[in-house]
Each structure stands twice: as C-alpha cells, then as structure tokens.
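would you be able to build a 3D model of this:
(chains A and B)
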Amino acid sequence: MRAYGIYILRRFGQFVLVVFIGINVAFLITHATPIDPVEQAIASATQFAYSEPQAVEILRQSLRELYGVEGTLWQQYVRFWTRLAVGDFGPSLSAFPAPVSALIGRALPWTIGLLTTSTLISWVLGNFLGGLAGYYRENRILKAIGIVATGLQPIPSYIMSLLVLIMFGFVWPILPISGGFQMNINTEFSFALVRSVVEHSILPVLSLVLITIGVWFIGMRSLVSNIVTEDYVLYAELAGVNRHRILTSYIMRNAMAPQLTGLTLSLGAIFNGAIITEFVFGYPGVGTLLVRAVGTGDYSLVLGITSVSIIAVATGVFIIDLVYPLIDPRVKLT
Amino acid sequence: MLSTLRDLFRYNREFAIGASLVLVIVALSVASFFSPYPAIRSYVVPPDIPPSWAYPLGTNSRGQDVFWQLSAAMRNSLLFGISVAFISRIISLAVGLTSGYLGGFADRVLMSINDSFVVIPLFPILLLFFFLMRDHMSWPLLALAMASLGWPYDARLIRSIALSLRTREFTTQSVFSGMSTRKILVEEHLPYVLPIVFATTMNNINWSIGLEVTLSVIGFTNIETPTIGTMIYWANQHTAMVAGVWWWVLAPVATVVMTFIGLFLLAVSMNEYIDPRSRLARMGA
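Alright, predicted model coming up:
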C-alpha cells in the first residue's frame, strides 16, 4: 500500500508539472507576442465607425482591466494564476455579460461525454481486435482489418470527420449531422431527449473512433506477436492451458500495461482531434466554443478554454494513472 | 544503397506502396513549377467545369484549374511539413541525446518536461497563438510554433537509444581520450540515431501537414497561400459539396490521404528495416 502511495504522489507531481508548464506556455504566448490583445480588440471595435477619443480611452482602460494586462509583468503573472485558481476568467465579450466560466461549464460535459465514449470504444475494441490479430496471425478477416487499420491510422481528424460527414450527410443521409440534440425538443429529461442526444452523438463518436482505433489495433498486434514468442507462453501451451485463457490472461493482460501508458501519452492528441470533430459536426462542446471564440475575437474565452483544456487533459491522465496499478500490479509490489 | 532500395521495393510491400505514393506526390508538387497560371490568381479559366480532357480535375468556382491549384497546394503543404519536421528534429535530437547521455538527475528533469509537452493539448495553444498573431500570421512563423511543440514524442525515442549507447565501450573510450560531451554526442552518438530519426521524420511530416490542414480549413492561417488546407477552406467557403462541385473537395482530400498513407507506410517499412527483429518476426522465425 505504501508503494501505491508513493506511486500516486509521483504521478500527482507529474500532473502538477503538466499544468504548470502548460499554463506557462499559454502565459508566454499571450505576453511574448508583439500583439496587444487590447489594441486588437479596440481596432476591431472601431474599425467601421468613427469613435470619440475619450470613448476609446475608456474602452482601453476597461479592456486592460478585463484582460489583466495592468501592472508589471510579475503582477500580471501572479494575477494570471490567481484567476485560474478561482476559476474566474472574466466575462465573455462575444456573449456579454455571461462569464467565461459559465460558458465553459455548459460546454464541458458534452466534450467529456464525447471523449469518454469514443476513447473507451476505440481503446477496448482496438486492443481486443489487435490482440486477436497478433495471436491468430493467419486469420483472413483479421488480416483484412489490419490493412484497413493501417490505412486509417495516419488520417487526421478533420479529413476523417469530413469523410464521415460526406458519407452520412450527402451520400446516405440517415443520421443527424449537426448539433447536440434536436432543436425543437423539450429539454426536460425524457426518453425522446436521450434518444436525440444519442443519435446526434453517433457520427462524432464514429469519426473519433475511426481516427484512433488503428493506433490501438496496430500497437496491440505487434505487442502480442512479441509476447507470443515468450517462454512462459510456450510453457503454458505445453502444459495444456486452454488457448482462450492463454490469450486473455497470459498475453493480453501483459500487453495492456504499455497500451494504457500509450493512452495517457496520446490523451492530448485525442483532445486535439475532438476539438475539430466537434466543430465539423457543430457539437455543443468546448471545441466548437473555442473555434467560435477565436472567430469572434473573444480573448477571455480563448484563454479560458486553453487553460481549462490543459487542466482537463492533465486530470484525465492522472485518473488513468490512478487505475493503472489494477492492470500492472508491479507498481504496488515494488 | 541503390541495391538496398531495389530489394526493399521488391520484397517489402509496404515500402513499395509507400514509396510509389510519395513519388506521385513529389511529382505532383514538382509539376507546380510548370503551371501555366500563377497559383494565387483567380478567374483564369471558366468556373465550375467538371473534370474533362481540357481540365483533368475540373475547375473551381473561383475560376482556377483544380489540377494546377492542387499541385501548388501540395508543394506548399509538403514544404511546410518538411520544415516543421526539420526544425523539430533538431530540438528532439538535442533533448534526446543530452538526456540519454547525461542520465541521472538531468535525465529525469528533461524527461518530466518532455512528458508534460507530450500531454499538453497543442491545438488550443496553437489557436491562442493564431488569435494573438492574426494578420501577422505567416507560414514560417506557424512552422516555428509547431516545431517548438512537436518534438517531445521523438525526443523520448532518441533518448532510449542514447541511453544504451552510453554504456557502450566506444563511449567510454571517447571520454577517456578527452572528447568533449558535445563532440561525443555529435560525432559518436548522432550517427547511431540518424536512421530512426529519418523514420520519425515521415511521421512528423504527417503530423504537421495534418495540423496545417486542420488549422487552415477553419480559416486560422494565412489563407491566401494555396495549401491543401486552404484549398479545402475555399471549397467550403463556396459550399462546393452542396453546389455539386465535388471535384473541388475530392481532389485535395484524396491527395492528402494518399500523402498520409504513403509517408506512414514508408516510416513503417523504414522502422522494420532498421530493426531487423520485426523482419524476422515477419518471416516467422
């Protein structure tokens, strides 16, 4: 149990480091670039009409306060962190006066739902099929799946979402291609609402699964085909352990640990993919919100979402780290 | 060298397919130098003509020949990918070799930072970067930003090799003969990791072209330069799919998918060539 505690403490240290570095990169970008977000907002606000110089000066003052760019660099840095700690990113400019934290809070559950569902489906299915393909190497169907997985793996999320959208939006229109649920539906909890939400999530989930499943499939296949040659597998076979049991508890179990580590390492990349997939399908999550915020010039919202997504991904990694010892008990023993 | 290539082509199916696809892509990019129209000019040909003999890939709603447009776009995207891969390779080599050679505390610190960069979601950060730069956004700048975020995965790989090189006898000998650390890393260790660096370069090119496409299609880059991403962006702006100008979308999507699969297969077969164990496994030994 003590070893588990030390392990968790170390993983927590890594969590803190990820958040620290991520937020610092965000701070660096906002302050090292020669462009002042305040001047930029003023420029776009006064672009099409003449404004009184005093009005512009007042606008500049309140924007400087709002964006937290008052005072010395160190003061700004401290304020950046304190704002983050209390979750206060100020009001959103594009949806004034709604606070940024409320907008993010509304969008976050959609993204978490989408990501959890698609990642679980893709990881479990990809590993299972990949494990089978590594063990039964001569199976025709599994070989064919392998070729498809190799072809799918390098395709980036936007292209995949676009292909899925064209496929089910134009060629064979059977599923809703936009939004999180039907527009004119009663938002009180009901069977119809759940059904609508599930229907709308099928295509985004499908695209996300297709993007990532190849990685798990190919990784698991090569891991399993290496483990198959290990002495303990041969011994188990000679001892007459049944093949099903060899595959599940002798081979796949051992191959799962590196695959779970792989999941923690690619969580950031999966999140990147989800942003664009959400945008393509108009899904009401953080990704769509972020792209819209950049489009409308909403500085507080962009900065808020960037910070929250860094923390969210780091938290996701930490949660996986917590369950990792279930698969790899060596962590608890040493 | 040439005979190795020939053998690879003959016996390794992945290499053959990958190399052919990449050759097609490179040929397409080179063709852009012979384009009859400047790539950024519009309304040089009649708009919305389906693929025909005169216009092999049709023309788009902006009055551009899709084939020549695609050719220029592919060249720019490829150049972009290569420059990102080149810059980020330098960073990952520096971090990976140093970390693996020094070991101990320095290694732990460098790898913790490395792992943090692996996990941090890059896309929001790139969007933040674009948000601030906006009109000042240029391709070299974007390449630099992406390269400074895209190195950590391969740095870890390079470190794992450097770690094993550290205990080899020739390293000890170099240390005893008074070579400086920098010299050992560059002259002794670098040649060992170069093959694997070459294979990861392909994947990194894929990664950066993919990100470029993603950023461009939502219009968050310099959309005046034709790239695969901006081409899809303009097609979307003119609602090409709804208007029935499907060749405008299909051409860049098909080409970029070909590029991804080609480079990926090349990387896979290269890895296999470098690591003979997987070749033996394939032969069933």
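
show me which residues of the stretch 201-334 of chain A sit near chain B.
Selection of the stretch 201-334 of chain A residues close to chain B by C-beta under 8 Å from any C-beta of the partner chain yields A:222, A:225-226, A:229, A:264-265, A:267-269, A:271-272, A:275-276, A:279, A:290-291, A:294-295, A:297, A:299, A:302-303, A:305-306, A:309-310, A:313-314, A:317. All C-beta spots, glycine's among them, are computed from the backbone N, C-alpha and C.

buried subset of the residues you listed, written for PyMOL?
Restricted to buried positions by 16 or more other C-beta atoms under 10 Å in any protein chain shown, the PyMOL selection for those reads:
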select buried, chain A and resi 222+225+264+265+267+268+269+271+272+275+276+279+290+291+294+297+299+302+303+305+306+309+310+313+314+317
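
from the residues of the stretch 201-334 of chain A next to chain B, which land in helices?
Of those, the ones assigned to helices by DSSP state H are A:222, A:225-226, A:264-265, A:267-269, A:271-272, A:275-276, A:279, A:290-291, A:294-295, A:299, A:302-303, A:305-306, A:309-310, A:313-314, A:317.

next up, the contacts around A:L303.
Shown in contact with A:L303 (C-beta atoms under 8 Å, 6 or more residues apart in numbering or on different chains): A:26, A:30, A:89, B:128.

just name the shakiest helix or strand of chain B by mean pLDDT.
One helix or strand of chain B scores below all others by mean pLDDT, DSSP states H and E: helix B:276-283, with a mean of 56.

with just CA atoms, put stretch B:194-207 into PDB.
In PDB, the C-alpha atoms belonging to stretch B:194-207 read as follows (Å, rounded to 0.1, in the frame of the first residue of the first chain):
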ATOM      1  CA  LEU B 194      20.000   9.100 -37.500                       C
ATOM      2  CA  PRO B 195      18.200   6.100 -39.100                       C
ATOM      3  CA  ILE B 196      15.400   6.200 -36.500                       C
ATOM      4  CA  VAL B 197      15.300  10.000 -36.800                       C
ATOM      5  CA  PHE B 198      14.800   9.600 -40.500                       C
ATOM      6  CA  ALA B 199      11.800   7.200 -39.900                       C
ATOM      7  CA  THR B 200      10.200   9.500 -37.400                       C
ATOM      8  CA  THR B 201      10.600  12.400 -39.800                       C
ATOM      9  CA  MET B 202       8.000  10.900 -42.000                       C
ATOM     10  CA  ASN B 203       5.600  10.700 -39.100                       C
ATOM     11  CA  ASN B 204       6.300  14.200 -38.100                       C
ATOM     12  CA  ILE B 205       5.700  15.500 -41.600                       C
ATOM     13  CA  ASN B 206       2.300  13.700 -41.500                       C
ATOM     14  CA  TRP B 207       1.600  15.200 -38.100                       C
END
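
in that stretch, what's buried?
Within stretch B:194-207, the residues scored as buried using 16+ other C-beta under 10 Å are B:196-197, B:199-207.

what does stretch B:53-72 give?
B:55, B:57-72.

again with stretch A:58-68
A:59, A:63, A:66-68.

quick one: that stretch near chain B?
No. Stretch A:58-68 does not reach chain B (C-beta under 8 Å from any C-beta); its nearest approach is 11.5 Å.

just the mean pLDDT for that stretch, thanks.
The average pLDDT within stretch A:58-68 is 76.

only alpha carbons, please: show that stretch as CSV.
The C-alpha coordinates for stretch A:58-68 follow below in CSV (Å, rounded to 0.1, in the frame of the first residue of the first chain):
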residue,chain,number,x,y,z
ILE,A,58,-12.4,54.4,-21.6
LEU,A,59,-12.7,51.3,-23.6
ARG,A,60,-8.9,50.8,-23.4
GLN,A,61,-9.0,51.2,-19.7
SER,A,62,-11.7,48.7,-19.1
LEU,A,63,-10.3,46.2,-21.5
ARG,A,64,-6.9,46.4,-19.8
GLU,A,65,-8.5,45.7,-16.5
LEU,A,66,-10.7,42.9,-18.0
TYR,A,67,-7.7,41.1,-19.7
GLY,A,68,-5.5,41.5,-16.7
